[in-house]
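J.: Okay, predicted coordinates and the sequence, questions at the end:
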Amino acid sequence: MKIFDATLSQLERSLDVRLLRHNLLAANAANADTPGFRPKDVDFTAAMASVANRSEPSAALEAVTTAPGHLETGVPIGSASAQDAQLSPKDLPVVDIASNNASLDGNTVDLDRTMVAMAENALQYGASARAAARKLAILKYVASDGT
């Protein structure tokens with residue numbers, strides 16, 4: 001029996017990628033008046049695949065049960081999930097946002113589109129956070145014997 005399954009790990013990865021995407025979008029908004037600035041974004045699908053490949057345990061140790069009453073964790077001791085590996089934008093597929101509306105100074109940030117992308121990303125981050133909270137609430141309920 002596994003306590004932490006693939007769903008919780010995918011939600012964790014999703015939260016990490018969404019946070020880094022938010023930081024990139026915020027940087028785009030902050031540089032809306034910087035001459036020659038080119039906005040960037042994260043390809044979410046490619047980022048999730050990249051993070052999933054990155055967090056595969058290479059030579060991780062497996063936790064073993066030493067008594068019949070012990071539960072299996074399902075999380076290898078040396079894995080990224082077990083060690084809370086930090087992501088950075090260099091770990092993700094960052095892409096330039098193409099735009100035909102360059103200002104006179106060469107800046108291509110469209111502030112309206114950037115703010116819409118930030119709002120969408122925040123909604124999706126919140127949905128992932130609520131799903132993770134519900135998953136953990138189930139574990140809490142089971143651990144407390146249903147009380």
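T.: The structure has been received and is ready for your questions.
J.: Could you check stretch 122-139 and say which residues are buried?
T.: Going by neighbour count (16 or more other CB atoms under 10 Å), the buried part of stretch 122-139 is 124, 125, 128, 131, 132. For glycine as for every other residue, the C-beta is placed from the backbone atoms N, C-alpha and C.
J.: quick check, distance from that stretch to the centre of its chain.
T.: 12 Å (CA atoms, centre = their mean, to the nearest Å).
J.: hang on, residue 29 in a helix?
T.: Yes. Counting by DSSP: H, G, I helix; E, B strand; the rest coil, residue 29 is part of a helix.
J.: how about the helices in the chain?
T.: Counting by DSSP state H, the chain has helices at residues 6-30, 44-54, 80-83, 111-143.
J.: I'd like those helices as a markdown table, with mean pLDDT appended.
T.: Converted to a markdown table, these look like this (pLDDT from 0 to 100):
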| stretch | mean pLDDT |
| --- | --- |
| helix 6-30 | 92 |
| helix 44-54 | 79 |
| helix 80-83 | 44 |
| helix 111-143 | 93 |
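J.: Nearest to residue 68, out of those?
T.: helix 111-143 (18.5 Å; CB to CB).
J.: Show me how far the closest one is from its chain's centre.
T.: So, by CA atoms, centre = their mean, the centroid of helix 111-143 is 10 Å from its chain's centroid.
J.: tell me what it is packed against?
T.: helix 6-30 (3 or more CB pairs under 8 Å, 6 or more residues apart in numbering; DSSP states H and E).
J.: Next, the angle helix 111-143 makes with the helix it packs on.
T.: 150 degrees (axes from the mean of the first three to the mean of the last three CA atoms, to 10 degrees).
J.: just to revisit the earlier point, how about the helices of the chain, which one is nearest residue 92?
T.: Closest among the helices of the chain, using CB to CB: helix 44-54, at 4.5 Å.
J.: Sort out which residues of the closest one are buried, please.
T.: In helix 44-54, the ones that count as buried by 16+ other CB under 10 Å are 44, 47, 48, 50, 51.
J.: The residue nearest to the last one when sequence neighbours are not counted: neighbouring residues, count only.
T.: Put plainly, it is residue 51. Among residues not flanking residue 51 along the chain, residue 13 sits closest, at 4.7 Å (CB to CB, 6 or more residues apart in numbering). Residue 13: 22 surrounding residues under other CB atoms under 10 Å.
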